[in-house]
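Enquirer: everything below, folded, please.
(chains A and B)
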Amino acid sequence: MTSDEPLDRVAAPALATPLEHTPALHDPEAVGVLPPDTGAIDYSAAGVRRERIRQLVRSPTFLIGAVILLWWIVCALFGRTFSPYNPTTGSLLQFNAHPSGAHWFGTDSLGRDVLSRVIVGSRGILVVATLATLLGTAVGASIGLVQGYFGGLVDNIIGRLVETVLALPVVIVAFLFVVALGPSDITLILVIGFVFSLLIGRTVRTAVLQERELDYVAAARLREESHGHIIFAEILPNVFAPILVEFTVRLGYAIFTVATLSFLGFGVQPPTPDWGADIAANYQYLAAGYWWETLFPALAIASLVVGVNLVADSVEAVVIQ
Amino acid sequence: MAQYLLKRVGLALLTLVLLSLLIFFAGQVLPGDPGRAILGPFAAQSAVKALDRSLGLDRPLLTQYWSWATGIAHGDLGISYQFQAPVSSFLGPALVLSLKLAAVAFVLVVPLSIIGGVVAAMNRGRAVDRTISVTGLSLSTVPEFVSGIVLIVVFAIGLKVLPVTASAPPGASPLTVLKYLILPAIPLVLVLFGYIARMARAGTLEALDSDYVRTATLKGLPRSVVIRRHVLRNSLLPTITVIATQTGYLIGGLVVVERLFNYPGLGRLIFTAATDKDFPMLEAGVLVIGIVYLAATLIADVLYTLLNPRIRLQRAEL
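Expert: Numbering: from 1, shown residues only, chains lettered A, B, ... in the order given. From the prediction side, this is the model:
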């Protein structure tokens, strides 16, 4: 995303069509009047976006988080090609083996290589958590937009329902529904997406309540634009920042919830490698001293949630100013 | 004031009714046929039908809900499928054990996180602030079983200073019981620390920026007096609300911690009920969690109103 920056600066005057903003022409930095990075402020939409990205890339918390997250995405996509062993077949001669040169993270009670299982196990949790968060964000943003825009009875009814579901911890609600519907990836995505849509809807609603009173909405109403157009074409772009923040923050909680449900036995089913399920399968051997079988998947989960959280925290700091 | 309290209690009761509907729906409608769920896919259809009839599941849903809800209102939580005994005889002792564990976590986390938040606020923008905020927030997103395992590996297996399980042997002294509860309480503390510290920090910052604190400083009061008398009194009010809302979470987080440390509290009871498809037990357990949460938020609201003279007087005028 930053790659268009130098292009803009150097070539924008020549390339820009009359309809586009030509920040470079007005930007004293770009024409060499001022030395770079003196804080010359460009108020065009593209300029603001570029400034935000620049701030993000400079923040060490964002960089650390992004590197961790990228590593696990690479593992989820290509893990099977570079994992040292097959994660699902073990050698029975080498069960519960200590970490060593051959098996860096040791082997589990079935003789499977723990490192390979940790690498490949990133896929399930990342896919389920991301899809659940996307679903929750899409549905939640729609609920919040409609609820905040119309207000009144709709708002009251939805508000009470949200209040009810939120009287229970997310893990318990998810747990209750997953038990009732039977464990599967689809159930996990639907249930977590449902609970998150209520949480995200609440935040979006608050943002919409403020937007609703602004002049541009009144103007759109005077132009007799349809409710749908006002909600999705006028208001939505202006509440995009809180929605983006909600998405990144909720992704962290989705990973938390998916991992927890997997640990409780309601997630990915064996023998597919999965961090939470692997911990559940091996933690009974902890007391016997076989710590590596549970510790490494646990550290993997911790690193992923912390990584996502660092990214979310920096995005929030930059977007909400 | 009385009117406000009545309205709050009324809303809490309404939420409770909706909650019971939700739980009934999840526990009794969604699974389809509970008899089939209990007996498994290979049981004869006639056996499933007979079981459904003996459990009263062939009646209309509304009748089922009504007899379940009125039973609970009378203190009858139903009969456990698994143990063929009243649910309440299991729920009571389990709840007491869970509250013990939650109390240890609370006693640790409240002072720690308030001190953390206030220290962060007083060092606003400096490395201390950044460290406390980022660490607290990161730890609050690490699942309890993950931090629990790291703690077990380090303190119980590596250093051998604390026991691996949470249940002290029968007849142990209160101090020994406490020693067994420290390790399971820490994962809960780690998750809660970030939230409460964040709230305490925000409240303190707001108070520090206020005119009355500037006045207090300018009239020459020592900094410690300003902090104690003017800042903390105002900054800790919103923190009370967060602490109360986190109580509900705390009880929920117990499911994971109790499973990890094999502690026979409410969380493990719900977990076993879920794996055994013991729906009456599961529904009653989840309902208890909801009631604890609603009661905690209600108490927090009332406390907040009582402690905050601005709201108290405003209500009196109304």
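Enquirer: where does pLDDT dip in the chain?
Expert: In the absence of a named chain, chain A is used. Scanning chain A for pLDDT under 70 picks out A:1-43, A:268, A:270, A:321.
Enquirer: not what I meant, chain B
Expert: For chain B, the stretches with pLDDT under 70 are B:1, B:29-38, B:41, B:311-318.
Enquirer: the helices in it, which residues?
Expert: B:2-24, B:34-39, B:45-54, B:61-73, B:88-122, B:127-140, B:144-151, B:174-208, B:211-218, B:223-225, B:233-260, B:266-275, B:279-307, B:309-317 (DSSP state H).
Enquirer: closest to A:Y285 out of these?
Expert: helix B:144-151 (11.9 Å; Cβ to Cβ). Just so you know, the C-beta spots here come from the backbone N, C-alpha and C atoms, and that holds for glycine as well.
Enquirer: on that earlier part again, now the helices of chain B in TSV, with mean neighbour count and distance to A:E246?
Expert: Below are the helices of chain B laid out as TSV (neighbours: other Cβ atoms under 10 Å in any protein chain shown; distance: least, Cβ to Cβ, whole Å):
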stretch	mean neighbour count	distance to A:E246
helix B:2-24	15	23
helix B:34-39	19	36
helix B:45-54	13	43
helix B:61-73	14	34
helix B:88-122	19	23
helix B:127-140	18	16
helix B:144-151	25	23
helix B:174-208	21	17
helix B:211-218	13	33
helix B:223-225	10	39
helix B:233-260	22	19
helix B:266-275	24	28
helix B:279-307	21	22
helix B:309-317	11	29
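Enquirer: skipping its backbone neighbours, what lies nearest the residue of the stretch 201-318 of chain B found nearest chain A in space?
Expert: Residue nearest to chain A within the stretch 201-318 of chain B (Cβ to the nearest Cβ): B:G252, separated by 2.8 Å. Ranked by Cβ to Cβ, 6 or more residues apart in numbering or on different chains and with sequence neighbours excluded, the top spatial neighbour of B:G252 is A:P169, at 2.8 Å.
Enquirer: would you mind listing what in the stretch 151-300 of chain B touches chain A?
Expert: For the stretch 151-300 of chain B, the residues in contact with chain A (Cβ under 8 Å from any Cβ of the partner chain) are B:152-153, B:157, B:164, B:248-249, B:251-253, B:255-256, B:259-260, B:270-271, B:274-275, B:277, B:282, B:286, B:289-290, B:293-294.
Enquirer: quick one: contacts for the residue of the stretch 1-150 of chain A found nearest chain B?
Expert: Closest to chain B within the stretch 1-150 of chain A is A:T61: 6.4 Å, counting by Cβ to the nearest Cβ. Listed by Cβ atoms under 8 Å, 6 or more residues apart in numbering or on different chains, the contact partners of A:T61 are A:310, A:313-314, B:134.
Enquirer: tell me the spacing between it and B:V189.
Expert: 23 Å (Cβ to Cβ, to the nearest Å).
Enquirer: what does B:V150 give?
Expert: 14 Å.
Enquirer: ok so A:G193 is a strand residue?
Expert: No: applying DSSP: H, G, I helix; E, B strand; the rest coil, one finds A:G193 to be helix, outside a strand.
Enquirer: count the residues that sit near it.
Expert: Neighbour count of A:G193, defined by other Cβ atoms under 10 Å in any protein chain shown: 22.
Enquirer: the one 4 residues further on too?
Expert: Neighbours of A:S197 under the rule other Cβ under 10 Å: 24.
Enquirer: immediately after the one helix or strand it maps to, which helix or strand?
Expert: A:S197 is part of helix A:185-212 when elements are defined by DSSP states H and E. As assigned by DSSP H and E, the chain's next helix or strand after helix A:185-212 is helix A:215-222.
Enquirer: and that following helix, how far out from the chain's middle?
Expert: The gap between where helix A:215-222 is centred and where its chain is centred comes out at 34 Å by Cα atoms, centre = their mean, to the nearest Å.
Enquirer: quick check: buried residues in the helix holding A:S197?
Expert: Using 16 or more other Cβ atoms under 10 Å in any protein chain shown as the test for burial, helix A:185-212 gives A:185, A:187-205, A:207-208, A:211-212.
Enquirer: got it, and stretch A:124-137?
Expert: A:124-126, A:128-137.
Enquirer: quick one: which of these is nearest B:K179?
Expert: Nearest to B:K179 out of the buried residues of stretch A:124-137 is A:I125 (Cβ to Cβ; 34.5 Å).
Enquirer: so which strand or helix has that closest one?
Expert: Counting by DSSP H and E, A:I125 is found in helix A:122-150.
Enquirer: what's that helix packed up against?
Expert: The contact analysis (3 or more Cβ pairs under 8 Å, 6 or more residues apart in numbering or on different chains; DSSP states H and E) places helix A:122-150 against helix A:60-82, helix A:152-165, helix A:185-212, helix A:240-263, helix A:275-282, helix A:292-319.
Enquirer: touching, A:G79 and A:G124? I think so.
Expert: No: between A:G79 and A:G124 there is no contact under Cβ atoms under 8 Å: 11.0 Å.
Enquirer: farthest-apart pair in the contacts of A:T61, please.
Expert: Most distant of the contacts of A:T61, by Cβ to Cβ, are A:S314 and B:V134, 9.9 Å apart.
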